[in-house]
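Visitor: From the sequence below, what's the structure:
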Amino acid sequence: MTKDSRNLYLAIGLSCLVIVGWSYFFAPKPDRARQFPQQQAQTAPGAAPSSSPSTAGAPQDAVSRDLSALDAAAPQTRAEALADSPRVKIETPAIFGSLALKGARIDDVALKAYRETVDPDSPNIILLSPPGAPDAYYAEAGFLSGAGAALALPRADTLWRADRDTLTPQTPVTLSYDNGQGLVFHRQIAVDERYMFTIRDSVENKSDKPVTLAPYALVARHGLPKTVNYSVLHEGFVGVIGDGGVEEIKYDKIEKEDHAAKTLSGVGGWLGFTDKYWAAAVIPDQKEAIEARFSAGLTGPIKSYRADFVGPALVISPGASSETTSRLFAGAKEVHTLDAYQADLGIKKFELLIDWGWFYFITRPMFQLLHFLYTLTGNFGVAILIATVIVKGLFFPLASKSYLSMAKMKAVAPQIAAIRDKYPEDKMKQQQETMALYKREKINPVSGCLPMLIQIPVFFALYKVLFVTIEMRHAPFFGWIKDLSAPDPTNIFNLFGLLPFDPTQIPMIGHFLALGVWPLIMGVTMFVQMKANPEPADPTQKQIFTWMPVIFTFTLGGFPSGLVIYWAWNNTLSVAQQTLIMKRAGVKIELFDNIAGMFRKKATS
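Guide: Numbers count the residues shown, from 1 in each chain. Here you go, the predicted model:
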């Protein structure tokens, strides 16, 4: 085996390693078990879950850190769980559902504008569900009592009275509860036309003694939520507390924290849970110091997760009253909606509810450009095509220098071949003479890679935008592409739908069998782009460039179709750009000669 052959096999092996790496980091992992092994919580009703420290980090020493227990309700259907409590209907332009008078929880929210599939008749996305229902997910607020105080505070089973039957953006609902010990609680719940609830809790002290209370709010989930399990996307606990950065903890990581909880302190902020497109977060008064906590515990036999905060203690004198305000976001992570809440309500870094990633400075501008072009064209696919042209135009001078350098390399190819003939057994001498030749002719041998390197950050930014922004979800292009954020639905391995099976479901290799029409188009355009360049003199490099389009075709087949369309269009523009630059420089275009050379070599062989 020659050294060139060994290098070729090594290159192929490294390419396979790249494919496996892409599959590991970008392909969805198998769903984890939705429930943990059966284990009964060792806490009485009304106490904190056993995994949570009962008095950890009170905002003041006079206030206990205990929160009401999460309901360990028997499993029910969602309809049965909703029927367990009288309800106030929620009706807004963006959401519908209800809030429970038992416990005064917001535990029933569905989204009007979003459905489970591209079929307009498919069910609406259900975000929040009550305890006992599958995937229970809800929010609550209230007060904690002073340490050692025996006060009858509202609990999960407390039945509140409502002043109206329906909550709308124009008609807030006020709930009331009298504990029979001189404390009267009022809770006004308002909602805007999108996804923000405002909760104003007040307490009247009609007793003859002062009381110390602290406000709290929480979002809770029962069971392990369904996640898409992509490593480039965070799903789980998320929040910004005080002036710190965004805190992101996955569900399985919180249990590795001390006492399965992580506590944060600061002035203002927000915290909750984020999914790929949806989120629920509680938001305190942005001027108040809070203690926030992410935690995991047991609710009956099921693991539960909770994001909560406790505000400063309030001392309420006899005959006095006190009021506190918090908010709940429960809805779709629409970029401009989050931006508006951040600006209008002063919520710190609320835009980071979307996982823009480490390359925020590239990803966010890419989204802004695409959204602007979408407002002009009405089609995100067309916006991607136009954005690619704009990027190509911006980097045209750099590409021009790159292609001219490639043309110079083609011109000195006979001299490089002569050097190899002169030193056939001395690879080191070949490299030294070749580099000396490049220096004399003022050629940069790596400049030909610049066009590819330029598009890597653009590729990553577009991938992130397509994957994390809800604006791209179910965004159609033309023809059979109904969702730019999903892979091309066609597949060559089942004859584009003629055979009744899905090749992508084959274990281990299914991810690489997602070869639809657009991935094949992308592979062809990449092949043409490679052949438009002067072929490397080194045989190993030549083989790598020959196989690269095949590798990329299989690797990108399962990626969002919008990304594949971008890559195919970018390749097409690169070929046109290179042809124009080469013609202006008076350099022969290599495309047709290189393609014809492949067949001539086969015939000779």
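
Visitor: Can you verify Lys226 is assigned to a strand?
Guide: No: counting by DSSP: H, G, I helix; E, B strand; the rest coil, Lys226 falls outside a strand, being coil.

Visitor: who are the neighbours in contact with Val219?
Guide: The contact partners of Val219, taken as C-beta atoms under 8 Å, 6 or more residues apart in numbering, are 137-139, 271-273, 280-282, 306-308, 328. C-betas here are computed from N, CA, C, even on glycine.

Visitor: Need the residues that contact stretch 382-390.
Guide: The set of residues external to stretch 382-390 that reach it, using C-beta under 8 Å, 6+ apart, is 366, 369-371, 373-374, 376-377, 462, 477, 484, 562, 565-566, 569-570, 573.

Visitor: quick one: which of the contacts of Val219 is nearest to Phe527?
Guide: Here the nearest of those to Phe527, counting by C-beta to C-beta, is Phe273; it sits at 44.6 Å.

Visitor: any idea how far that closest one is from Tyr137?
Guide: Between Phe273 and Tyr137 the computed distance is 8 Å (C-beta to C-beta, to the nearest Å).

Visitor: Looking at the two, which one has more neighbours?
Guide: Tyr137 (26 against 23; other C-beta atoms under 10 Å).

Visitor: what's downstream of the least confident helix or strand in the chain by mean pLDDT, the next helix or strand?
Guide: Lowest by mean pLDDT, DSSP states H and E among the helices and strands of the chain is helix 3-26, with a mean of 46. Counting by DSSP states H and E, the next helix or strand C-terminal to helix 3-26 is helix 78-82.

Visitor: circling back to that earlier point, joint contacts of Phe273 and Tyr137?
Guide: Taking C-beta under 8 Å, 6+ apart as the contact definition, Phe273 and Tyr137 share the neighbouring residues Val219, Arg221, Pro225, Ala280.

Visitor: Distance to Lys262 and secondary structure for these - can I get that in a markdown table?
Guide: Written out in a markdown table, the entries for these read as follows (distance: C-beta to C-beta, whole Å; DSSP: H, G, I helix; E, B strand; the rest coil):
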| residue | distance to Lys262 | secondary structure |
| --- | --- | --- |
| Val219 | 15 | strand |
| Arg221 | 16 | strand |
| Pro225 | 18 | coil |
| Ala280 | 18 | strand |
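
Visitor: Buried members of the residues you listed into ChimeraX, please.
Guide: With 16 or more other C-beta atoms under 10 Å as the burial test, the buried ones among the shared contacts of Phe273 and Tyr137 are selected in ChimeraX as follows:
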select :219,221,280
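
Visitor: nearest to Gln505, of the shared contacts of Phe273 and Tyr137?
Guide: Minimum separation from Gln505 among the shared contacts of Phe273 and Tyr137 (C-beta to C-beta) is found for Pro225, which lies at 23.1 Å.

Visitor: Run through the residues that contact that closest one.
Guide: Asp135, Tyr137, Glu235, Tyr251, Phe273, Asp275.

Visitor: what's the closest of those residues to Pro312?
Guide: Minimum distance to Pro312 across those is 24.8 Å, recorded for Phe273 (C-beta to C-beta).

Visitor: Which of the helices or strands spans the closest one?
Guide: Taking DSSP H and E as the definition, Phe273 sits inside strand 269-274.

Visitor: Strand partners (parallel or antiparallel) of that strand?
Guide: Each strand pairing with strand 269-274, determined using DSSP bridges, is listed with its direction: strand 236-241 (antiparallel), strand 278-283 (antiparallel).

Visitor: In TSV, list these along with mean pLDDT.
Guide: Compiled in TSV, those are given as follows (pLDDT from 0 to 100):
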stretch	mean pLDDT
strand 236-241	96
strand 278-283	97
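
Visitor: quick one: which of those strands is nearest Met406?
Guide: Of those, the one closest to Met406 (C-beta to C-beta) turns out to be strand 236-241, at 46.1 Å.

Visitor: Got the phi and psi for the residue of the chain positioned farthest from its centre?
Guide: The C-alpha centroid of the chain is most remote from Lys422, which lies 56.5 Å away (C-alpha atoms, centre = their mean). As for Lys422, its main-chain torsions (degrees, to the nearest 10) stand at phi -70, psi -30.

Visitor: so the closest residue to it other than its chain neighbours is in which element?
Guide: Beyond its immediate neighbours in the sequence, the residue positioned closest to Lys422 (C-beta to C-beta, 6 or more residues apart in numbering) is Glu433, lying 7.8 Å away. Using DSSP H and E, the element containing Glu433 is helix 427-440.

Visitor: what's that helix packed up against?
Guide: For helix 427-440, the elements it packs on are helix 413-422, judged by 3 or more C-beta pairs under 8 Å, 6 or more residues apart in numbering; DSSP states H and E.

Visitor: and the angle for the helix it packs on with helix 427-440?
Guide: If you take axes from the mean of the first three to the mean of the last three C-alpha atoms, to 10 degrees, helix 413-422 sits at 150 degrees to helix 427-440.

Visitor: just use 55 as the starting number from now, easier for me
Guide: I'll keep to 55 as the first residue from here, and by that count the last item is helix 467-476.

Visitor: Buried residues in helix 467-476, which are they?
Guide: Of the residues in helix 467-476, those buried under the neighbour-count criterion (16+ other C-beta under 10 Å) are Ile470, Ile473, Arg474.

Visitor: what's near enough to touch the residue lying closest to the last one once chain neighbours are set aside?
Guide: Counting by C-beta to C-beta, 6+ apart, Gln484 is the residue found nearest to Arg474 once chain neighbours are left out, at 5.7 Å. For Gln484, the contact set (C-beta under 8 Å, 6+ apart) comprises Ile473, Arg474, Tyr477.

Visitor: try Leu368
Guide: Applying C-beta under 8 Å, 6+ apart, we find Leu368 in contact with Val257, Thr266, Leu267, Ala268, Pro269, Ser376, Thr378.

Visitor: One more pass at 10 Å, please.
Guide: Under the criterion of C-beta atoms under 10 Å, 6 or more residues apart in numbering, the contact partners of Leu368 comprise 114, 117, 197, 257, 265-269, 374, 376-378.

Visitor: among the residues you listed, which ones are buried?
Guide: Buried subset of those (neighbour count, 16+ other C-beta under 10 Å): Val117, Phe197, Val257, Val265, Thr266, Leu267, Ala268, Pro269, Ser376, Thr378.

Visitor: Name the nearest residue to the fifth one, ignoring sequence neighbours.
Guide: In other words, Thr266. In space, and not counting its chain neighbours, Thr266 is closest to Gly200: 3.6 Å by C-beta to C-beta, 6+ apart.

Visitor: if I look at the one you found, how far off is Ile344?
Guide: Using C-beta to C-beta, we find Gly200 at a distance of 18 Å from Ile344.

Visitor: In terms of neighbours, single out the busier of these two.
Guide: Between Gly200 and Ile344, counted using other C-beta under 10 Å, the more crowded position is Ile344 (29 against 20).

Visitor: That one: what secondary structure?
Guide: The three-state assignment at Ile344 reads strand, by three-state DSSP.
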